[in-house]
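Asker: Here is my input, please return the structure:
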Amino acid sequence: MGNLSECVRPDGTLDDSKIWRREPLYQGMNGRFVERFYLTPEESYIFKPLTNEETMGREAWVYKHVLSFCPPVYPKLLVTSGDEESLQGAWSIFEDLGELTHTYRLDTALQVARLIAWWHATPVRDWPELAIPGPKPTVERMAADLLHRQDEAKAVLQRLGLSGRIFTEVRQVAAGSYFGATDRAKVLSHGDLHIGNYAVAGNGRLYIIDWEHAHLNTPYWDLFHLIDMSHPLYSKQMTSSDRERIIDEYISQSQAHGVQWKRDVFFREYACFGAVFSLWMILLIGRDLKQENSVWPRERLLQQWNETAAGLAGCLAQLEAHPYQSGFGPGESHGATGSI
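Answerer: Predicted coordinates for the structure are as follows:
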């Protein structure tokens with residue numbers, strides 16, 4: 001393996017004179033590419049420059065302080081530039097897991113749900129560094145944005161033949177009174193667990209990758225990304241039966257880790273969270289479709305729009321199937337008991 005740091009120039013780019021060849025994998029939001037590079041035809045690694053300025057140093061911190069206590073379901077971080085580097089010069093090098101399969105399968109999603117339950121049950125009081133913003137606004141801010149753009153959102157619902165009654169819940173979410181406002185409701189969140197950030201490698205093992213958005217959030221955040229978050233690059237068709245299976249698996253595994261959930265409450269609150277997030281995403285994708293120079297091809301965005309709309313319909317149907325239950329005390333509206 002040698003000294004991998006020598007493969008990177010002081011400006012944070014790969015030094016072609018020190019490597020055999022390189023191939024881009026994907027482009028980050030700042031235009032920089034994550035790449036696979038080879039020292040020899042048989043020895044390869046993943047070079048990951050900083051692709052989002054707001055997450056500088058976070059992934060390395062998570063690897064050191066959080067993932068070291070977790071099951072080994074993540075690629076090894078081999079070397080990093082360190083926190084002292086500039087935004088342009090920051091980078092990390094990971095082991096190469098080989099070709100990863102990002103195809104949606106229920107059995108894989110159930111495995112991920114079991115892992116989510118594990119890290120959600122991990123005590124977070126020792127990690128105040130994770131009390132930072134996630135990659136997107138909070139669901140409360142999304143709900144407030146939907147209220148501000150209510151005519152546009154209701155036009156989408158009408159176009160899809162869906163009820164506008166969700167705005168009763170949207171107002172409650174925007175007010176911060178729906179999911180429980182206590183610290184106890186916050187868990188360790190991967191932050192961006194869409195289908196592109198978990199995969200099965202060639203050895204058949206499941207891996208969770210790209211932890212740079214880890215933060216504290218409601219349990220529904222990770223679950224929504226696993227179940228109903230769409231992505232332009234990876235098509236996914238979620239069914240109501242799969243959604244129910246995955247949520248039930250999470251509830252069951254949470255119980256094994258000492259966290260009890262009231263099933264009907266959890267299902268309803270997930271459905272509300274998913275409906276708000278999906279409707280907000282539809283408006284976001286709609287803005288991207290109007291841009292001439294979007295990061296994603298138009299046909300990919302249309303696919304994402306349609307899959308998000310299907311997820312919205314599924315969450316609204318689930319919301320109807322699990323009537324609201326009032327009467328929970330302060331901090332109990334999220335339906336959990338036990339120690340988190």
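
Asker: in the helix or strand hosting S44, what counts as buried?
Answerer: Per DSSP states H and E, S44 falls inside strand 43-49. Within strand 43-49, the residues scored as buried using 16 or more other C-beta atoms under 10 Å are S44, Y45, I46, F47, K48, P49. Just so you know, the C-beta spots here come from the backbone N, C-alpha and C atoms, and that holds for glycine as well.

Asker: got the contact list for the fourth one?
Answerer: Remark: with contacts taken as C-beta atoms under 8 Å, 6 or more residues apart in numbering, F47 is in contact with C7, V8, L14, R22, V34, E35, R36, F37, W91, S92, I93.

Asker: Tell me where this protein has helices.
Answerer: Using DSSP state H, the helices found in the chain span residues 58-65, 106-120, 139-148, 150-159, 166-174, 219-227, 240-256, 263-290, 298-321.

Asker: Which one of those lies nearest to Y207?
Answerer: For the helices of the chain, the distance to Y207 is smallest for helix 106-120, at 10.2 Å, taking C-beta to C-beta.

Asker: For that closest one, the averaged confidence score.
Answerer: Across helix 106-120, pLDDT averages out at 96.

Asker: same question, stretch 282-295
Answerer: Stretch 282-295 comes out at a mean pLDDT of 91.

Asker: In it, which residues are buried?
Answerer: For stretch 282-295, the neighbour count (16+ other C-beta under 10 Å) marks I282, L284, I285, D288 as buried.

Asker: Not counting its neighbours along the chain, what's nearest the residue most central in space within the chain?
Answerer: Nearest to the geometric centre of the chain sits D192, at 2.1 Å (C-alpha atoms, centre = their mean). Spatial nearest neighbour of D192, excluding adjacent residues (C-beta to C-beta, 6 or more residues apart in numbering): H213 at 4.3 Å.

Asker: neighbours around that neighbour, how many?
Answerer: 23 (other C-beta atoms under 10 Å).

Asker: these two touch, right, it and G134?
Answerer: Yes. Here H213 lies in contact with G134, judged by C-beta atoms under 8 Å, at a distance of 6.0 Å.

Asker: Now for these two: what residues contact both?
Answerer: Residues touching both H213 and G134 by C-beta under 8 Å, 6+ apart: G191, D192.

Asker: ok, the buried residues of strand 43-49 vs H120, which is closest?
Answerer: Closest approach to H120 among those (C-beta to C-beta): K48, at 25.5 Å.

Asker: That closest one bridge partners, please.
Answerer: S92 (DSSP bridges).

Asker: Distance-wise, check it relative to W91.
Answerer: K48 sits at a distance of 7 Å from W91 (criterion: C-beta to C-beta, to the nearest Å).

Asker: and what of H65?
Answerer: Distance, H65 to W91, using C-beta to C-beta: 20 Å.

Asker: between those two, which one's more packed in?
Answerer: Neighbour count, other C-beta under 10 Å: between H65 and W91, W91 has more, with 21 against 13.
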